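Asker: with the sequence up front, the predicted model follows.
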Amino acid sequence: MSPLGKIRSNCTLRGKHWLWRGALSHKCPAMHHEGRTVAVRRVILEIRDGEPLPVGAKALTSCEHHHCVSPHCAVSGTQSDVCSRIAERMSDTAKHVLAGRRAATARRRATLSAADVERLRTSSERMVDMAAALGITEAHGYKVRNHKRWRDFTAPHFLGLGAAQ
Ligand SMILES: [Zn+2]
């Protein structure tokens, strides 16, 4: 059986897609080929294109089936293609994390103690460091320092502070 036939016989065929039922290596379809474990799509691409993949190229699929090894779907991509795809996915995650942090920051704003406020107003530390330590934004720290946000703080927080100033 030709390598292509052997691969095909390990797949569930669905239209143009060849859904791999065989072994996986690092979550990718893998097979023994010429004494080594290789990515099935790499073999497919080399058979289809008649030449080895370019150095550094990855064998990927252009369709939505992660385990599709169809020669109709297989594409070669560089590491940077792979990285930019990962970066796209990461950016969604990063946005989510940032949104969560902003929400947490907003919640914490109201919990600055009188001592925190005094620190923001009188300390010689850099505002960026204090803001990070207190879980507030730097801009908010400056507003507190400049007494623009005193209404954010409940009266009990200010009882001691007023006397101290
Ligand atoms: Zn496919």
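Answerer: Yep, it's here. Nothing here was measured: the structure is a model prediction, and the numbers come from that model.
Asker: what average pLDDT does the lengthiest strand in the chain get?
Answerer: For the chain, the strand with the greatest residue count under DSSP state E is strand 28-33. Per-residue pLDDT values over strand 28-33 give a mean of 91.
Asker: what pairs with that strand, parallel or antiparallel?
Answerer: Strand partners for strand 28-33, identified by DSSP bridges, are recorded as strand 24-25 (antiparallel), strand 36-39 (antiparallel).
Asker: list the contacts of that strand.
Answerer: 3, 6-7, 10, 20, 22-24, 37-41, 43, 67, 69 (C-beta atoms under 8 Å, 6 or more residues apart in numbering). C-beta: built from backbone N, CA, C; applies to glycine.
Asker: ok so, going back, so for the ion, which of the strands paired with strand 28-33 sits nearest?
Answerer: Closest approach to the ion among the strands paired with strand 28-33 is made by strand 36-39 (15.0 Å; C-beta to the ion).
Asker: and after the closest one, which helix or strand comes next?
Answerer: Once strand 36-39 ends, the next helix or strand along the chain (criterion: DSSP states H and E) is helix 40-49.
Asker: list the buried ones in that next one?
Answerer: Residues of helix 40-49 classed as buried by neighbour count (16 or more other C-beta atoms under 10 Å): 40-46.
Asker: does that helix reach the ion?
Answerer: No. With C-beta under 5 Å from the ion as the criterion, the ion is not reached by helix 40-49; the gap is at least 10.2 Å.
Asker: where do the strands sit along the chain?
Answerer: Assigned strands in the chain, in chain order: 11-14, 17-20, 24-25, 28-33, 36-39, 58-61, 74-77 (criterion: DSSP E).
Asker: tell me which of the ones you listed is the most buried.
Answerer: Per-stretch averages of neighbours, counted by mean count of other C-beta atoms under 10 Å, single out strand 17-20 among the strands of the chain, with a mean of 22.
Asker: before we move on, back to that, and of the contacts of strand 28-33, the nearest to the ion?
Answerer: Nearest member of the contacts of strand 28-33 to the ion, counting by C-beta to the ion, is residue 69, at 8.0 Å.
Asker: against residue 28, how distant is the closest one?
Answerer: Taking C-beta to C-beta, to the nearest Å as the measure, residue 69 falls 9 Å from residue 28.
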